[in-house]
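> would you be able to build a 3D model of this:
(one chain, ligands or ions: 2)
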Amino acid sequence: MFEPIVIAPSILSADFMDLGRDVAVLEEGGAGLIHVDVMDGHFVPNLSMGVPVVKALKRRTRVPLDVHLMIDNPARELPWFIDAGADMLTVHAEVLYGDELASCVESIHEAGVRACVALKPRTAVEVLAPVIGMLDMVLVMSVEPGFSGQSYIAGSEQRVAAVAAMARQAGAAPLIQVDGGIGLQTAPLVAAAGADVLVCGNAVCAQDDPAAAMARIAAAADRAREAALRGCPEGGAR
Ligand code: DX5
Ligand code: ZN
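Ligands and ions are numbered 1, 2, ... in the order given. Below is the predicted model:
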């Protein structure tokens, strides 16, 4: 059955002086998730926002909060983000060794929150193998994490397809999210490869009409996804 693409606007590209207004526009425009990029200046060379912003957002929107933790020690900080009202928590595989990855996912689930594991562009997809069956979502980064407005790394859609294949083989069905440089040109590529959720920073939140931008990207992605499901290239007859 055809499931439409979900757009998760990243508020890293919003106007922080008018965050409430921007989030209301995104909610009104049909955002499926609000993507919150948390950066600690260690795991990535940038600092962004943290627990107080998640708390404030929770009071202002009914859209589920998708919190992307780009931090060195997610296990230690998970309880704060859970208390703050995160609905989905994403941890990076690169900072969780051995059993830590599975136990982090378990603690997220024990709190009744959905769990996602993110991979940087050069991290082997195989690191997901021990946890793929436990995950609500996998995040495939299509830029090096740290900044919005970067260009999509060409070929990232192949990593999306690899995660989709791995999940199928394992009999698992996590959502697949893609983050970094997603816009009108790149959304169809990743949607055709099996992405379900698209994070859009610059291409949505930095636009004059974020709702219209979101609708255009979602429509382009849905067309590509539908064509891929029918087994033919976009627009091709069969
Ligand atoms: C980058 C962040 C992204 C970023 C996306 O490290 O994880 O969520 O905000 O921004 P765009 O869509 O502009 O690449
Ligand atoms: Zn992100």
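
> my guess is Phe2 meets Arg223, correct?
No: applying CB atoms under 8 Å as the test, Phe2 and Arg223 come out as separate, 11.1 Å apart. For the C-beta atoms, the positions are set from N, CA and C on the backbone; glycine is no exception.

> what about the two, which has more around it?
Arg223 (17 against 8; other CB atoms under 10 Å).

> enumerate every residue touching the nearest residue to Ser151 once chain neighbours are set aside.
Spatial nearest neighbour of Ser151, chain neighbours left out: Gly181 (5.1 Å); criterion: CB to CB, 6 or more residues apart in numbering. Shown in contact with Gly181 (CB atoms under 8 Å, 6 or more residues apart in numbering): Ser142, Val143, Gln150, Ser151, Tyr152, Ile153.

> same check, this time on Ala172
Contacts of Ala172 by CB under 8 Å, 6+ apart are Ile132, Gly133, Leu135.

> any weak-confidence spans in the protein?
232-238 (pLDDT under 70).

> run the contact check for the helix or strand hosting Gln169 versus ligand 1.
Element membership for Gln169, per DSSP states H and E: helix 156-170. No: Helix 156-170 lies out of reach of ligand 1 by CB under 6 Å from any ligand atom, never closer than 11.5 Å.

> could you export that helix as PDB, CA atoms only?
What follows is helix 156-170 as a C-alpha-only set of coordinates in PDB (Å, rounded to 0.1, in the frame of the first residue of the first chain):
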ATOM      1  CA  SER A 156      23.700   8.700  -0.600                       C
ATOM      2  CA  GLU A 157      20.500   7.100  -2.000                       C
ATOM      3  CA  GLN A 158      22.500   3.900  -2.400                       C
ATOM      4  CA  ARG A 159      23.000   3.800   1.300                       C
ATOM      5  CA  VAL A 160      19.200   4.300   1.700                       C
ATOM      6  CA  ALA A 161      18.700   1.300  -0.500                       C
ATOM      7  CA  ALA A 162      21.200  -0.700   1.400                       C
ATOM      8  CA  VAL A 163      19.400   0.000   4.700                       C
ATOM      9  CA  ALA A 164      16.100  -0.900   3.100                       C
ATOM     10  CA  ALA A 165      17.500  -4.200   1.900                       C
ATOM     11  CA  MET A 166      19.100  -5.000   5.200                       C
ATOM     12  CA  ALA A 167      15.800  -4.400   7.000                       C
ATOM     13  CA  ARG A 168      13.900  -6.500   4.500                       C
ATOM     14  CA  GLN A 169      16.300  -9.400   5.000                       C
ATOM     15  CA  ALA A 170      16.000  -9.100   8.800                       C
END
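
> quick one: buried residues of that helix?
Ser156, Glu157, Arg159, Val160, Ala161, Ala162, Val163, Ala164, Met166, Ala167 (16 or more other CB atoms under 10 Å).

> show me where this protein has its strands.
6-9, 34-39, 65-70, 88-92, 114-119, 137-141, 175-179, 197-200 (DSSP state E).

> now the contacts of Gly181: which count as buried?
Of the contacts of Gly181, these count as buried by 16+ other CB under 10 Å: Ser142, Val143, Tyr152, Ile153.

> closest one of the residues you listed to ligand 2?
When those are compared for distance to ligand 2 (CB to the ion), Val143 wins out at 9.3 Å.

> does the closest one touch Pro121 like I think?
Yes: using CB under 8 Å, Val143 makes contact with Pro121 at a distance of 7.1 Å.
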